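**Q** When you get a sec, could you give me coordinates for this:
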Amino acid sequence: MEKDELIPQLFKSEYRKIISVLCKLFGIVHIEMLEDITNDTFLLASETWGLKGIPENPTAWLYFVAKNKTKDYFKRHKTFIKKVVTDFKYHHEHSEENDVDLSIENITDSQLQMIFAICNPAIPSEAQIGLALRILCGFGIDEIAEAFLTNKETINKRLFRAKEKLRSENVKIELPNIDELHNRLEPVLSTLYLLLMKVIIRAHKIQMYERSYA
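**A** Numbering: from 1, shown residues only. Just a heads-up that it's a prediction; the model follows:
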């Protein structure tokens, strides 16, 4: 597969997974920075793979580069040891270069824990769903605004405040206890419903397009 086809495909399939794994590893308090690093990683892939060729395992390359970029960021800001290691229990066994757990189980668990962390009662339900759609479901700001019958400016402000709240509350990437789990199910299910509707609509558009050229 050519680079120009592979990178967009990986962005769709891996972007949310990389952010979930990084947030679990380094903490959701750094979510905006981790989003930026993940975007930078895909940009670097586009530049590097065009010059040096596609690596043997492009998915692993993305995870390892994103992780190392994050570690470098913390080292540059002198917070890696004082904050990240202490607050998020980044143990010594994670010090190796290839320490990202790429197992399906870990990636799936990270996404599940991430959506329950985002759907936190500390932020309004619409912001919970909007942030989950943006980070974990690949919705654009326009699509989220359309889903909530509002404008992009309102959505951007809503998501910004939600991220700030998750940061100030120091929300952990973990499954809540059974009582909290029930309180968070509604926004989680609403998010999944909207994602399902997006998939159905997209499939319908593809089907109509194919029929028009049949």
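**Q** which stretches of the chain aren't confidently modelled?
**A** 1, 3, 78-99, 199, 202, 204, 206, 209-210, 213-214 (pLDDT under 70).
**Q** Report the secondary structure state of P55.
**A** coil (DSSP: H, G, I helix; E, B strand; the rest coil).
**Q** cool, the one 5 residues further on as well?
**A** Assigned state for A60: helix (three-state reduction, three-state DSSP).
**Q** Enumerate every residue touching it.
**A** The contact partners of A60, taken as Cβ atoms under 8 Å, 6 or more residues apart in numbering, are 100, 102. C-betas here are computed from N, CA, C, even on glycine.
**Q** hmm, try it at 6 Å
**A** L102 (Cβ atoms under 6 Å, 6 or more residues apart in numbering).
**Q** buried stuff in stretch 151-168?
**A** 155, 158-159, 162-163, 165-166 (16 or more other Cβ atoms under 10 Å).
**Q** Spatially, which two of those are the most separated?
**A** Across the buried residues of stretch 151-168, the longest distance by Cβ to Cβ is 16.4 Å; it joins I155 and L166.
**Q** now the helices for this protein?
**A** With DSSP state H applied, the chain shows helices at 3-26, 31-52, 58-76, 86-88, 104-118, 125-136, 141-147, 152-168, 178-212, listed in chain order.
**Q** Comparing those helices, which comes out most buried?
**A** Highest mean neighbour count of the helices of the chain: helix 125-136, a mean of 23 (counted as mean count of other Cβ atoms under 10 Å).
**Q** From the contact counts, what lies against it?
**A** helix 104-118, helix 152-168, helix 178-212 (3 or more Cβ pairs under 6 Å, 6 or more residues apart in numbering; DSSP states H and E).
**Q** Turn those into JSON lines, including distance to C23.
**A** Formatted as JSON lines, those follow (distance: least, Cβ to Cβ, whole Å):
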{"stretch": "helix 104-118", "distance to C23": "6"}
{"stretch": "helix 152-168", "distance to C23": "10"}
{"stretch": "helix 178-212", "distance to C23": "16"}
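**Q** mind checking which of those is nearest C137?
**A** Comparison of these against C137 by Cβ to Cβ identifies helix 178-212 as nearest, at 4.6 Å.
**Q** what angle do the closest one and helix 125-136 make?
**A** Relative orientation of helix 178-212 versus helix 125-136 (axes from the mean of the first three to the mean of the last three Cα atoms, to 10 degrees): 60 degrees.
**Q** Quick one: distance of helix 178-212 to the chain centre.
**A** Between the centre of helix 178-212 and the centre of its chain there are 17 Å (Cα atoms, centre = their mean, to the nearest Å).
**Q** Show me what that helix is packed up against.
**A** helix 125-136.
**Q** The helix it packs on vs helix 152-168, what angle?
**A** Using the same axes, to 10 degrees, helix 125-136 lies at 90 degrees relative to helix 152-168.
**Q** For helix 125-136, which outside residues touch it?
**A** So helix 125-136 is contacted by 16, 19, 115, 118-119, 139, 144, 158-159, 162, 187, 190-191 (Cβ under 6 Å, 6+ apart).
**Q** would you turn those into TSV with distance to L102?
**A** Shown next, in TSV, are those (distance: Cβ to Cβ, whole Å):
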residue	distance to L102
R16	15
I19	15
I115	20
I118	22
C119	25
F139	25
I144	29
R158	33
L159	28
A162	28
P187	29
S190	30
T191	25
